[in-house]
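Enquirer: all I have is the shape, not the residue letters:
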């Protein structure tokens, strides 16, 4: 990693007058150093990303076995420390873990810091703009006319459609935001479900007094850290600098026509910014783990757009998963390293996801600076970002770089998102990319080959796709390997945005319990494996944020197997008994079938019993050399049991009764003579014999076939010595 990644942001001029200010930089998430690769056991914090559908019990059991010291855990991620390599490897190789990675450091980086300017050239570039030297004197800078985003024309278009607009929140995951700033205080997102400063988590989301968002770096609600100056002004606390996020917020939402500072691109009251601070300390250090938590917070609170002005050359699975499972549009800085991101990807900008945009930057002449990263397939467009004057803590200042280009796109995305409800985020991305202003300097450097243009986007607003309908699902129940399996079929309609995720909770729940999909257990592959039945609430949401919640009764298999058709046979010597039975289970299926000699209860089979294997017709059988009582037990895959007893014995027949005493047949005819033993429960077997095989033939089952003319006798013999006869006459040809 080059040393430049560790440079810090410095604001050269902090404007004390009430004018807008600008700030530009890129935060960098550091890759592991070569030394860390030599030692695979992480010494610091790690992020575990769980596979979809892992149950809370399985997660807890695995972490307990591995002695994992958890700082944070939910259905998607667990963050904490391992005490030894063995426990680390246990978790790393678990089939329930999607990835495990060492937490990465995050540092914002600025390319330039200049004096303030009263002109925002990126909104409307007339060919010159003014700047101030360190003494405060203004001077003109020559630029190229119309290298801007056509903001004035775009705002005019917006005014004609503003009647249908609704409020949109942009989550700024960065340093904190100065919520006291005159140009921002009325544009801050406010958590209406929380009562300020009462020390209580009123909305039960795990964060106390989170009014403007949350400070994940300091793990409190402070959001912005101030130094009160002797002259009554204030500025950023140098021990925890929050200028960068404040600068980004100003570009997006600084209020217009208030005689203060600058005007943000999404300057109307329909856009607000949520402050989610992950960078802190004098070097504005941060971490991927905090970024993941911030994304989930923004999703749970309904943000539509998320600005990420930082990047890393390490592809974090946890970060990608958090973005993929969100319904927000993520606008990401492409980087300030002059790299081709097609060859050297920078993340999250290079994640190939439909809800991720990557933004490069140009100067006031429409040229791509040497420091701006680019990529024909991995970078979507460019936005202005040199000499950007925007809000900083307590004042205003200059910054440049893709960190300032990204919020310009975030602002346009917010404007478009506010036009109608239920706009599909990926269609906002498409409208922005397909309606850039082509620039020669950007040909072959990004997907669109053009510069962000608010006016063109507003004119193309009818191309925004809406998805007003919630997705739906159907389900079926089956049993596999002792578990209850629910299989889901999901649908979001022919013109829907597509199902994002399906998740569940035990018991009867409401949509609020799922916090827009950030709570609950995700259902992997639309198949949910349960260990027991009961009520389960299913939450489904699509990529436009539409959702549906349904509580379904999961009925367990409570019916025992069936043991039917029990019987036995005895051989002629009366010393071999064969017992048979049919064993079936209509729901979860058979787990095992056993038997024991004698009369037994279920408990006797817990540690004993002789296993029987059913054949293709579900028939089981076993042999015995002596008569007696036998107990058969069948257990299904849900633990239901059935018990049946069979008594074997020897009982000789006293007589045989044939169904026919006299029988007339024609040659070729067949007939079955049925024999009944008395007493009924005799264990004798019967054989049949014909006195003249030329007249009739007979099988041991009593089937008679007429072969020739004449009369003969068929005799039935029992193994106990009883007999009976039938006279058969064959007198015609058939």
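Expert: Thanks, I have the structure now. Since the structure is predicted, the reported quantities are computational estimates derived from the model, not experimental observations.

Enquirer: what sits against residue 325?
Expert: 76, 299, 500, 501, 517, 522 (C-beta atoms under 8 Å, 6 or more residues apart in numbering). Heads up, the C-betas are built off the backbone N, CA and C, glycines and all.

Enquirer: same deal with residue 530?
Expert: 483, 484, 485, 486, 536, 554.

Enquirer: backbone phi and psi for it, please?
Expert: Note on residue 530: its backbone torsions stand at phi -120, psi 150 [degrees, to the nearest 10].

Enquirer: that's a helix at residue 487, yeah?
Expert: No. Residue 487 is assigned strand when assessed by DSSP: H, G, I helix; E, B strand; the rest coil, not a helix.

Enquirer: and it, what is it in contact with?
Expert: By C-beta under 8 Å, 6+ apart, the contact set of residue 487 is 475, 476, 477, 478, 526, 527.

Enquirer: quick check, nearest of those to residue 343?
Expert: For residue 343, the closest of the contacts of residue 487 turns out to be residue 526, at 36.8 Å, with distances computed as C-beta to C-beta.

Enquirer: and the closest residue to that closest one other than its chain neighbours, how many neighbours does it have?
Expert: Nearest residue to residue 526, sequence neighbours excluded (C-beta to C-beta, 6 or more residues apart in numbering): residue 488, at 4.3 Å. Residue 488 has 18 neighbours, counted by other C-beta atoms under 10 Å.

Enquirer: surely residue 488 and residue 473 touch.
Expert: Yes. The pair residue 488 / residue 473 is scored as a contact, 5.0 Å apart, by C-beta atoms under 8 Å.

Enquirer: shared neighbours, the two?
Expert: 502, 538.

Enquirer: just checking, what's the longest helix in the chain?
Expert: helix 402-417 (DSSP state H).

Enquirer: now the end-to-end length of stretch 671-680.
Expert: With C-alpha to C-alpha, to the nearest Å applied, stretch 671-680 spans 24 Å between its terminal residues.

Enquirer: next one: stretch 232-247
Expert: One end of stretch 232-247 sits 21 Å from the other (C-alpha to C-alpha).

Enquirer: now stretch 360-369
Expert: Terminal residues of stretch 360-369 lie 10 Å apart, using C-alpha to C-alpha.

Enquirer: same question for stretch 598-607.
Expert: Note: stretch 598-607 ends 16 Å apart using C-alpha to C-alpha.

Enquirer: residues in contact with that stretch?
Expert: By C-beta under 8 Å, 6+ apart, stretch 598-607 touches 594, 596, 628, 629, 630, 631, 633, 641, 643, 645.

Enquirer: pull the helix or strand with minimum mean pLDDT from the protein.
Expert: Lowest mean confidence among the helices and strands of the chain (mean pLDDT, DSSP states H and E): helix 34-38, at a mean of 32.

Enquirer: re the thing from before, give me the distance from the longest helix of the chain to the chain's centre.
Expert: In terms of C-alpha atoms, centre = their mean, to the nearest Å, the centre of helix 402-417 is found 27 Å from the chain centre.

Enquirer: and stretch 673-680, by the same measure?
Expert: Chain-centre distance of stretch 673-680: 68 Å, with C-alpha atoms, centre = their mean.

Enquirer: can you list the residues that contact it?
Expert: 651, 653-660, 663, 684, 686, 688, 698, 702, 704, 714, 716, 718, 722, 724, 726.

Enquirer: next, the buried residues of it.
Expert: Using 16 or more other C-beta atoms under 10 Å as the burial criterion, the residues of stretch 673-680 that qualify are 673, 675, 677.

Enquirer: can you get me the start-to-end distance on that stretch?
Expert: By C-alpha to C-alpha, the extent of stretch 673-680 from end to end equals 18 Å.

Enquirer: try stretch 333-344
Expert: Terminal residues of stretch 333-344 are spaced 14 Å apart (C-alpha to C-alpha).

Enquirer: show me what counts as buried in that stretch.
Expert: Neighbour-count burial for stretch 333-344 flags 333, 334, 335, 336, 337, 339, 341 (criterion: 16+ other C-beta under 10 Å).

Enquirer: per-residue pLDDT of the first one, please?
Expert: So that's residue 333. Model confidence at residue 333, given as pLDDT, is 96.

Enquirer: how close does it get to residue 424?
Expert: 24 Å (C-beta to C-beta, to the nearest Å).

Enquirer: what of the second one?
Expert: Here residue 334 is placed at a distance of 24 Å from residue 424 (C-beta to C-beta).

Enquirer: same thing with the last one?
Expert: Going from residue 341 to residue 424 by C-beta to C-beta gives 25 Å.

Enquirer: one more: residue 336?
Expert: Distance of residue 336 to residue 424, given as C-beta to C-beta: 31 Å.

Enquirer: just to check, residue 630 is in contact with residue 580?
Expert: No. With contact defined as C-beta under 8 Å, residue 630 does not count as touching residue 580 (11.4 Å).

Enquirer: neighbour count: these two, which is higher?
Expert: Comparing residue 630 with residue 580 by other C-beta under 10 Å, the one with more neighbours is residue 630, at 23 against 14.

Enquirer: tally of neighbours for the nearest residue to the more buried one once chain neighbours are set aside?
Expert: In space, and not counting its chain neighbours, residue 630 is closest to residue 646: 4.9 Å by C-beta to C-beta, 6+ apart. When counting by other C-beta under 10 Å, one arrives at 20 neighbours for residue 646.

Enquirer: same deal with the one 4 residues further on?
Expert: Residue 650 is surrounded by 15 other residues when neighbours are defined as other C-beta under 10 Å.

Enquirer: pretty sure it sits against residue 568.
Expert: No. Contact criterion C-beta under 8 Å: residue 650 and residue 568 do not qualify, at 10.7 Å.

Enquirer: now, which of the buried residues of stretch 673-680 lie within strands?
Expert: Using DSSP state E, the subset of the buried residues of stretch 673-680 located in strands is 675, 677.

Enquirer: in JSON lines, list the buried residues of stretch 673-680 along with distance to residue 231 and pLDDT.
Expert: Below are these laid out as JSON lines (distance: C-beta to C-beta, whole Å; pLDDT from 0 to 100):
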{"residue": "673", "distance to residue 231": "122", "pLDDT": "96"}
{"residue": "675", "distance to residue 231": "120", "pLDDT": "94"}
{"residue": "677", "distance to residue 231": "118", "pLDDT": "93"}
